[in-house]
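**Student:** Following is a predicted model, sequence given first.
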Amino acid sequence: MEKKIISTKMAPGAIGPYSQAVRVGEMLYVSGQIPLDPETMEIVGDGIAEQTKQVMDNLMQILTASGADAKSVVKTTCFLSDMSNFASFNEVYGGYFKKDAPARACVEVSRLPKDVLVEVEAVALLGQQT
């Protein structure tokens, strides 16, 4: 199978040697998104709720550029800098997956790029939108 690089200006450009997303067959692998404004590349928000919203908006833009949507996501991995933010993170995150939420892992890490509070990566199955 051929791999196809997915890129959109509607989400932050990569800040390292990686792609926003890669499609292989019907699978889409979305790189971890942090709360950067796509236009300014500046961190959005000081709190977990604001940062999570920006992360999820960025993720949704990449899904859209791939011809996918939130219903296409089968797995996410969520990284929090402080697990005490879990409830607030969950409240915002859950708003993007109203029904049939994807499988998920959520872990606390010692540090994230640019010292943000949250990062989320995703795997999606294309052609599954309703």
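**Tutor:** Here it is on my side, so go on. Residues are numbered from 1 along each chain as shown.

**Student:** Next, Tyr93: secondary structure please.
**Tutor:** What DSSP: H, G, I helix; E, B strand; the rest coil gives for Tyr93 is helix.

**Student:** can you give me the strands for this structure?
**Tutor:** Taking DSSP state E, the strands of the chain run over residues 3-6, 21-24, 27-33, 73-80, 103-108, 118-125.

**Student:** which residues make contact with stretch 94-102 from outside it?
**Tutor:** Around stretch 94-102, the neighbours that count as contacts under C-beta atoms under 8 Å, 6 or more residues apart in numbering are Met56, Leu59, Met60, Ala70, Lys71, Val73, Val74, Lys75, Thr76, Ala122. No exception for glycine: its C-beta is placed from N, CA and C like everyone else's.

**Student:** and which of those is nearest to Leu28?
**Tutor:** Nearest to Leu28 among the contacts of stretch 94-102, counting by C-beta to C-beta, is Ala122 at 7.9 Å.

**Student:** what bridges to the closest one?
**Tutor:** Val30, Thr76 (DSSP bridges).

**Student:** swap in Glu108?
**Tutor:** As for beta bridges, Glu108 partners with Leu80 under DSSP bridges.

**Student:** how about it, what does it touch?
**Tutor:** Residues counted as contacts of Glu108 (C-beta under 8 Å, 6+ apart) are Phe79, Leu80, Ser81, Asp82, Met83.

**Student:** Cool, thanks, signing off.
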